[in-house]
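Asks: When you get a sec, could you give me coordinates for this:
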Amino acid sequence: MPLITSIEPQKKRKNRFNIFLDEEFGFAADENVLLKYNLKISQSLTQSQIEKLIKENELGKLMDQSLRFLSYRPRSEKEVVDYLIGKISQKENIKYSQAKESPLIKQVVLKLKKYKYLDDFEFANWLVRSRIRSKPQGLSLVKFDLEKKGIDDEIINSIIAKYPDQTVLAKRAIEKKLANWQKLPKGDFKKKIYQYLASRGFNFETIGEVFANLEKKH
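Replies: The predicted model follows:
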């Protein structure tokens, strides 16, 4: 059986070590893996043990990469899965469809959910709030974005139902534009409002109501 002949810390990554078997590089492992399996020099390993350790190392790397990916902003489960597929596909030089079948993806997702790093309901709530707070969008556009990110219809509908009045959002969306549009002829004024709000995902009923209110002040 292969023998551990050296355990050397990696220069670029803290808490990660290179494990040498019979004087040759065997695999890398995190510090917690070393402690978990009590790996030490002169310890012999079976092939099945080595394969298990390599698999656990890959799982640890994907977890680290996923946490970094999540650190930039909240993500949906689909976004994380797509990210992991890309990482596996690139590393193993295999097709997307093949990488998609990796059991490591399911393990990473389960861990992320367990520790509350992944929650599609919370993610959807965050996205809707951020879209409404910064540059208000019509809920149809927000809904489309949530669907692209793989959010379940039941979750989408439950969150969208909290915002029945889109007129308020539409008014907020054009607040900063009105100063430049107020002096336009009525036809151009109407055109600007309809075009802009439509591009922000508001339906024509909402746009019409907003225009009717603004027309009185124009």
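Asks: Residue nearest the middle of this structure, spatially speaking?
Replies: By C-alpha atoms, centre = their mean, the chain has its centre lying nearest to R75, at 2.5 Å.
Asks: do you know how far it is from Y115?
Replies: 14 Å (C-beta to C-beta, to the nearest Å). The C-beta positions use only the backbone N, C-alpha and C, and glycine is treated the same way.
Asks: circling back: so the residue nearest to the centre of the chain touches F69, yeah?
Replies: Yes. Using C-beta atoms under 8 Å, R75 is in contact with F69, at 6.7 Å.
Asks: okay, and the common contacts of these two?
Replies: Y83 (C-beta atoms under 8 Å, 6 or more residues apart in numbering).
Asks: helices and strands around the lowest-mean-pLDDT helix or strand in the chain, which ones?
Replies: Taking mean pLDDT, DSSP states H and E as the measure, the helix or strand of the chain with the lowest value is helix 96-99, at a mean of 84. Counting contacts by 3 or more C-beta pairs under 8 Å, 6 or more residues apart in numbering; DSSP states H and E, helix 96-99 packs against helix 77-92.
Asks: tell me the mean pLDDT over the helix it packs on?
Replies: Averaged across helix 77-92, pLDDT comes to 92.
Asks: which outside residues touch that helix?
Replies: The set of residues external to helix 77-92 that reach it, using C-beta under 8 Å, 6+ apart, is 62, 65-66, 69-70, 75, 94-96, 98-100, 102, 104-105, 108-109, 112-113, 118, 120, 149-151.
Asks: again with stretch 42-57
Replies: 1-5, 19, 21, 26-30, 33, 37, 39, 104.
Asks: repeat that for 6 Å
Replies: Stretch 42-57 is contacted by residues M1, P2, L3, I4, F27, A28, A29, V33 when judged by C-beta atoms under 6 Å, 6 or more residues apart in numbering.
Asks: Look up the closest residue to the fifth one, ignoring the ones flanking it.
Replies: Once flanking residues are discounted, F27 sits nearest to I54: 4.8 Å by C-beta to C-beta, 6 or more residues apart in numbering.
Asks: That neighbour falls within a helix, correct?
Replies: Yes. Counting by DSSP: H, G, I helix; E, B strand; the rest coil, I54 falls inside a helix.
Asks: in the chain, which spans are helices?
Replies: 31-37, 47-72, 77-92, 96-99, 103-114, 120-133, 139-148, 153-160, 166-181, 186-199, 204-215 (DSSP state H).
Asks: Domain ranges for this protein, per the record?
Replies: 1-45, 59-116, 120-160, 166-215 (automatic domain parsing).
Asks: Determine how far the longest one lies from the middle of the whole chain.
Replies: Offset of domain 59-116 from its chain centre (C-alpha atoms, centre = their mean, to the nearest Å): 10 Å.
Asks: and L169, how far is that from I193?
Replies: L169 is 14 Å from I193, by C-beta to C-beta.
Asks: For P185, the count of nearby residues, please.
Replies: Using other C-beta atoms under 10 Å, the number of residues around P185 comes to 9.
Asks: Start the count at 23 instead of 1 going forward.
Replies: Sure, I'll start counting at 23 from here, so that last one is P207.
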